[in-house]
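Participant: Whatever this is, show me its structure:
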Amino acid sequence: MTQTESFDPAAVAAYQFGGQDIPWMIDHWGEHRSEHPFLIWEPKDGSDRTWTYAEFAEATKQVAAGLHAKGVGIGDMVLIHAENCPEGVIAWYACARVGAIAVTTNTRSVRSEVSYFIEQTSCVGAITQPKFAALVAEAGPELGWIVVTDDNSGLAASSDELAHGQESFSVLEGDAAAAPVRTADPMLPAGVLFTSGTTSKPKAVVHTHANMLWAGKVNPTNIDMGADDIYLASLPFFHVNTQAWAIWTVLGVGGTVVLQPKFSASRFWDVIAKHSVTHISLIPFVIKAAFDSGIPENHTVKVGVFGLIMPVLDQMMGMRVIAAYGMTELVTHCIHSNDFESYPDLAMGKVSPGYEFLIVDSDTGALCQEGEIGELWIRGVRGVSVFWEYFGNPEATEKFFTEDGWGRTGDMVRLLADGNIQYCDRDKDALKVGGENVSAREVEDVVRTVPGLADVAVVAKSHEMLDMVPVAFVILADPAADQDAIAAQIIEACKLDLADFKVPRSVYFVDEFPTAELGKVSKKDLREMADAQGDS
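Facilitator: Just a heads-up that it's a prediction; the model follows:
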């Protein structure tokens, strides 16, 4: 081990970001680009509202004062369970001012899932919207307080939704002068995002202030983002795509983000034209919607950020499509393509500055040679260029990181002769449903609660719009049992305990599972069997 490898991550953060944290970043732009628009809220009805950097800094101080008045302090967790809305973004950065940790959660979750989020992080209070107020109250009876926005991301709430009996979000809007001031600590935790991989329960990924500062430092270069560029954020704020890859990138250069409640195919190009958007995130259903609505000849988008190199997209969409690979744990685009190099189809690009990578044979632990498929390992600095930990789950943290700091991504790749990394497959137990991570094990655990099953395996089935959807393969304990009745029970059990995107679209009954080496279930073969079944 070299001398530099023995240094604590906090020492690295102190050298790179000494005296800096998220409030420092907000206040820096509030002073130096005070009148430049930071956040443009674009609700469904088109009645947009803009916060300049100075106005946004003031708004976060006001809400920080309100949080402080409720007793929220350094290290406290605050739930933000809301669809995209300005209140949620302001509250996230207000938590950072206080030194609290914002826990943003998936709004498609059912009550048991929200209860798990609250219990796992010991949230002291919650910020939500009228449509979710009753759910949050039922899921978190231990919460000290709940405040509710006046509307649902710009849409009027129903009378039933407004009868929640909780305080209005406005109670948090205090005197900015009363906002607490603390010493900047870049290693202080700032946010939690839940992510599903191969475990039975979602894991709470902890991001620090230094993680945000790092993303703001390196991401703009990765995707050619400048101070006068405008990023359209229409994917959920409770995902790393909007929270980090869009907003943290914008903050790094003092740029502008346009926030929509959710992705809208019908308004996609109109919103881009209205705000002269220059950067967008591309995932399969966004690309399909963009094509279906007709691509304008003279649109303003110069960069679309996608997961893989597909040269045909550049030509068809009239923009530069940059490949950018990352995951919640890795904070930024740790692998990306450059404009000055050529790449083969489906390449991911090359490793970004500040990261190292290996490709490792999952069975033997040996390093893969050129052309061989193995698991991608990424190494950065914990709490700076990669996440800090899985909160309350040291076993999962130790499983992700090797002793010398390599992060096991679960993604299967190969190294090409020209040094490019090519994506091959995801971990057999991880699914991506319309941009949402789904753990096959989590779904399997729920399916197994249905009586009469000998075994179950959940895999991904290809889907035109969502890229993939979950389906369940089942072996019955009694082959003569009523398949239709059991399939209905499986779907009902999943709807009760899982968010809608995790519910299997189909249930297939088989006599046995295909196996691979050592008798393991071959989920690759099951995926092929599912795709052969046609549409789900």
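
Participant: tell me what the host helix or strand of Ala290 is packed against?
Facilitator: Per DSSP states H and E, Ala290 falls inside helix 284-292. Where contact means 3 or more C-beta pairs under 8 Å, 6 or more residues apart in numbering; DSSP states H and E, helix 284-292 is packed against helix 268-275, helix 311-317. Heads up, the C-betas are built off the backbone N, CA and C, glycines and all.

Participant: Give me the contact list for the shortest one.
Facilitator: Around helix 311-317, the neighbours that count as contacts under C-beta atoms under 8 Å, 6 or more residues apart in numbering are Leu282, Ile287, Ala290, Phe291, Ile295, Val301, Gly304, Phe306, Arg320, Val321, Tyr343, Asp345.

Participant: How many residues are close by the fifth one?
Facilitator: It refers to Ile295. Look at Ile295: counted by other C-beta atoms under 10 Å, it has 15 neighbours.

Participant: thinking again about what came up before, between the helix holding Ala290 and helix 268-275, what angle do the directions make?
Facilitator: Calculated by axes from the mean of the first three to the mean of the last three C-alpha atoms, to 10 degrees, helix 284-292 forms an angle of 80 degrees with helix 268-275.

Participant: any idea how far helix 284-292 is from the chain center?
Facilitator: 20 Å (C-alpha atoms, centre = their mean, to the nearest Å).

Participant: again, but for stretch 100-109
Facilitator: For stretch 100-109, the distance to the chain centre is 11 Å (C-alpha atoms, centre = their mean).

Participant: what's Pro236 sitting at in phi/psi?
Facilitator: Main-chain dihedrals, Pro236, degrees, to the nearest 10: phi -60, psi 140.

Participant: what does Val386 give?
Facilitator: phi -130, psi 170.

Participant: Okay, and the beta partners of it?
Facilitator: On the basis of DSSP bridges, Val386 is bridged to Arg382.

Participant: what's the answer for the one 4 residues further on, then?
Facilitator: Listed by DSSP bridges, the beta-bridge partners for Tyr390 are Val205.

Participant: In contact with it, which residues?
Facilitator: So Tyr390 contacts Lys203, Ala204, Val205, Val206, Ala396, Thr397, Phe400 (C-beta under 8 Å, 6+ apart).

Participant: List only buried entries from the residues you listed.
Facilitator: If you count burial by 16 or more other C-beta atoms under 10 Å, the buried members of these come out as Lys203, Ala204, Val205, Val206, Ala396, Thr397, Phe400.

Participant: Tell me where the stretch 51-200 of the chain is predicted with low confidence.
Facilitator: 197-200 (pLDDT under 70).

Participant: what about the strands in it?
Facilitator: Ranges of strands in the stretch 51-200 of the chain, per DSSP state E, counting those that start in this stretch, are 77-81, 101-104, 125-128, 145-148, 167-168, 189-195.

Participant: where are the low-confidence patches of this protein?
Facilitator: 1-7, 197-200, 425-430, 516-519, 536.

Participant: for it, which helix is longest?
Facilitator: With secondary structure taken from DSSP state H, the chain has its longest helix at helix 53-69.

Participant: Can you name every helix or strand that that one contacts?
Facilitator: helix 22-32, strand 37-41, helix 86-98.

Participant: can you list contacts of the first one?
Facilitator: Think helix 22-32. 36, 38, 53-54, 56-58, 60, 93, 96-97, 184, 190, 209, 212-213, 216, 251, 254.

Participant: thinking again about what came up before, sort out which residues of the longest helix of the chain are buried, please.
Facilitator: 53-57, 59-68.

Participant: how close does Ser462 sit to Leu235?
Facilitator: According to C-beta to C-beta, to the nearest Å, Ser462 stands 21 Å off from Leu235.

Participant: Looking at these two, which has the bigger crowd around it?
Facilitator: Under the neighbour definition other C-beta under 10 Å, Ser462 and Leu235 were set side by side, and Leu235 has more, 22 against 14.

Participant: pretty sure that one is touching Phe285, no?
Facilitator: No: taking contacts as C-beta atoms under 8 Å, Leu235 lies outside contact range of Phe285: 10.2 Å.

Participant: which neighbours do these two share?
Facilitator: Contacts common to Leu235 and Phe285, judged by C-beta under 8 Å, 6+ apart, are Phe263, Gly435.

Participant: hang on, the earlier thing: quick check: which of the helices and strands packed on helix 53-69 is buried the most?
Facilitator: Greatest average neighbour count among the helices and strands packed on helix 53-69 goes to helix 86-98 (a mean of 25), per mean count of other C-beta atoms under 10 Å.

Participant: So which elements touch it?
Facilitator: Taking 3+ C-beta pairs under 8 Å, 6+ apart as the contact cut, helix 86-98 packs with helix 22-32, strand 37-41, helix 53-69, strand 77-81, strand 101-104, strand 125-128, strand 189-195.

Participant: tilt between that helix and helix 22-32?
Facilitator: Going by the same axes, to 10 degrees, helix 86-98 makes 110 degrees with helix 22-32.

Participant: returning to that earlier point: now distance to Pro479 too, for the contacts of Tyr390, in JSON lines please.
Facilitator: Formatted as JSON lines, the contacts of Tyr390 follow (distance: C-beta to C-beta, whole Å):
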{"residue": "Lys203", "distance to Pro479": "37"}
{"residue": "Ala204", "distance to Pro479": "41"}
{"residue": "Val205", "distance to Pro479": "43"}
{"residue": "Val206", "distance to Pro479": "47"}
{"residue": "Ala396", "distance to Pro479": "38"}
{"residue": "Thr397", "distance to Pro479": "43"}
{"residue": "Phe400", "distance to Pro479": "40"}
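
Participant: ok, so of those, who is nearest Ala265?
Facilitator: Within the contacts of Tyr390, the smallest distance to Ala265 is 29.6 Å, found for Val205 (C-beta to C-beta).

Participant: measure that closest one to Phe391 for me?
Facilitator: For Val205, the distance to Phe391 - C-beta to C-beta - is 8 Å.

Participant: got it, and Val447?
Facilitator: Applying C-beta to C-beta, the value for Val447 to Phe391 is 27 Å.

Participant: do the same with Asp224
Facilitator: The gap separating Asp224 from Phe391 is 34 Å, by C-beta to C-beta.

Participant: returning to what we had before: closest one to His164 out of the buried residues of helix 53-69, please.
Facilitator: Distances from His164 to these, taken by C-beta to C-beta, are shortest for Gly66, at 18.6 Å.

Participant: Does that closest one touch Ala176 like I think?
Facilitator: No: in this structure Gly66 lies outside contact range of Ala176 using C-beta under 8 Å: 10.2 Å.

Participant: Chain neighbours aside, what residue packs nearest to Met327?
Facilitator: Thr409 (6.4 Å; C-beta to C-beta, 6 or more residues apart in numbering).

Participant: Likewise for Asp292?
Facilitator: Nearest residue to Asp292 in three dimensions, chain neighbours excluded: Ala265, at 6.9 Å (C-beta to C-beta, 6+ apart).

Participant: who's in contact with that neighbour?
Facilitator: Counting by C-beta under 8 Å, 6+ apart, Ala265 has contacts Ala289, Asp292, Ser293.

Participant: Between Asp224 and Phe391, which is the more surrounded one?
Facilitator: Remark: of Asp224 and Phe391, Phe391 carries more neighbours, 21 against 15, as counted by other C-beta under 10 Å.

Participant: Skip the chain neighbours and tell me the closest residue to that one.
Facilitator: Nearest non-adjacent residue to Phe391, counting by C-beta to C-beta, 6+ apart: Ala204, 4.0 Å away.

Participant: one step back: what's in contact with the longest helix of the chain?
Facilitator: 23, 26-27, 29-31, 33-39, 51, 78, 90-91, 93-98, 100, 171-180, 254.

Participant: Swap in 7 Å and give it another go.
Facilitator: With C-beta atoms under 7 Å, 6 or more residues apart in numbering as the test, helix 53-69 has contacts from 26-27, 29-30, 33-36, 38-39, 51, 90-91, 93-95, 97-98, 100, 171-176, 178-180, 254.

Participant: Adding distance to Ala134, write the helices and strands packed on helix 53-69 out as JSON lines.
Facilitator: Shown next, in JSON lines, are the helices and strands packed on helix 53-69 (distance: least, C-beta to C-beta, whole Å):
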{"stretch": "helix 22-32", "distance to Ala134": "32"}
{"stretch": "strand 37-41", "distance to Ala134": "25"}
{"stretch": "helix 86-98", "distance to Ala134": "18"}
